[in-house]
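# Using only what follows, build the 3D model:
(2 chains)
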Amino acid sequence: MPIRSAQDLVLVRQAVRTWSAELKFSLVEQTKMVTAASELARNTLDYGKGGQVTLQMLQEGLRKGLRLSFEDQGPGIPDIDLALRDGYTSGGGMGLGLGGARRLVNEFDIVSKVGEGTRVTVTRWK
Amino acid sequence: MERIPILRMGQVLLVTIQVDMHDQLAVTLQDDLTAKIVDTGARGVLIDISSLEVVDSFIGRILGNIATMSRVLDAQTVVVGMQPAVAITLVELGMSLPGIRTALNVEKGMALLQSSMDADEAVLEVADASLED
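Presented below is the predicted three-dimensional model:
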């Protein structure tokens, strides 16, 4: 799914809600995943100058999960540890987006190259 | 342009957010509310978020801004109706909504607003009385 405008954020939230409901996530799990998606999609839009998200349903033995991969070709993050720290922001936000999203999921992975872009992958298991 | 309606009930402005808010809509609400407080001289703002399924850091920040701005304009804000799943998620996200007063539902929120508006009036009267002495 493309992330090009604030309206796309709403569409991403709705898609993640539908997918997590399909996986029979509890209401709290759904809300956490949708909120994490909202934070990361906004980062993609505001800092990455737009990009895309890929949704993927996972099955590992008996457990099921939902994986979201946010990619942009923006300026990249020079210091990932700093960006993950609560309260740090290079924009006008509260500095909770990246670190907060990490707390809302089970697995969190971030790859960023300055000048090339950023990919954040999050997974939540049922 | 899409807008969230603001209803006036006596000295209170009532906002019920019924749609999945995109960022621009939240910013518009912030602008509309502050303008309406000035226009009507409202003393209280009640925001019902019971239909909101997601409150992320941006919407949380806007709610905080609204509370602070209304305070500066001599009005009080109470946010009511937060869903349990939203509360759990907000705390885990790391937001405690500082400066925002909350109540469980519209009825309790109205009572809270009324009592703090009454308290404000009482303080004003005491100040008036001491001026007369």
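
# Model confidence for residue 91, exactly?
Let's take chain A. We have a pLDDT of 68 for A:Gly91.

# if you could check chain B rather than the one you did, that'd help
pLDDT for B:Val91: 92.

# Name the SS class of it, please.
Following DSSP: H, G, I helix; E, B strand; the rest coil, we place B:Val91 in the helix state.

# Chain A contacts on chain B?
B:20, B:22-24, B:53-58, B:60-61, B:83-86, B:88-89, B:92-95 (CB under 8 Å from any CB of the partner chain). Where C-beta positions appear, they are placed from N, C-alpha and C, glycine not excepted.

# and with 7 Å instead?
B:20, B:22-24, B:53-54, B:56-58, B:61, B:85-86, B:88-89, B:92-95 (CB under 7 Å from any CB of the partner chain).

# What subset of those residues is buried?
Neighbour-count burial within the residues of chain B next to chain A applies to B:20, B:22-23, B:53-54, B:56-58, B:61, B:85-86, B:89, B:92-95; the criterion is 16 or more other CB atoms under 10 Å in any protein chain shown.

# of all these, which comes closest to A:Lys49?
Set against A:Lys49, the nearest of those by CB to CB is B:Asp23 (15.8 Å).

# Which pLDDT does the model give the closest one?
The per-residue pLDDT reported for B:Asp23 equals 90.

# Now A:Gln14: closest residue in space, sequence neighbours ignored.
B:Asp20 (7.0 Å; CB to CB, 6 or more residues apart in numbering or on different chains).

# looking at this, that neighbour is in a helix?
No: counting by three-state DSSP, B:Asp20 is not part of a helix but coil.

# That one contacts A:Val10, correct?
Yes: contact status for B:Asp20 versus A:Val10: in contact at 5.2 Å, counting by CB atoms under 7 Å.

# Check chain A and tell me which residue is nearest its centre.
Centroid check for chain A by CA atoms, centre = their mean gives A:Leu40 as the closest residue, at 3.5 Å.

# how much space is there between it and chain B?
Using CB to the nearest CB, to the nearest Å, one obtains 10 Å as the distance from A:Leu40 to chain B.

# Who are the packing partners of the helix or strand where that residue lies?
Using DSSP states H and E, A:Leu40 sits in helix A:27-46. Using 3 or more CB pairs under 7 Å, 6 or more residues apart in numbering or on different chains; DSSP states H and E, the elements in contact with helix A:27-46 are strand A:2-3, helix A:6-22, strand A:63-72, helix A:97-103, strand A:117-125, helix B:84-93.

# mind showing which ranges of the chain have poor pLDDT?
Since you didn't name a chain, this refers to chain A. Residues of chain A meeting the criterion pLDDT under 70: A:91-94.

# hmm, I had chain B in mind actually
For chain B, the ranges with pLDDT under 70 are B:1, B:133.

# in it, which spans are strands?
With DSSP state E as the criterion, chain B has strands at B:6-9, B:12-16, B:44-48, B:76-80, B:101-103.

# show me the contacts for the residue nearest the centre of chain B.
Centroid-nearest residue in chain B: B:Thr77, 3.1 Å away (criterion: CA atoms, centre = their mean). Going by CB atoms under 7 Å, 6 or more residues apart in numbering or on different chains, B:Thr77 touches B:Val45, B:Ile47, B:Ile66, B:Ala67, B:Ser70, B:Ile100, B:Arg101.
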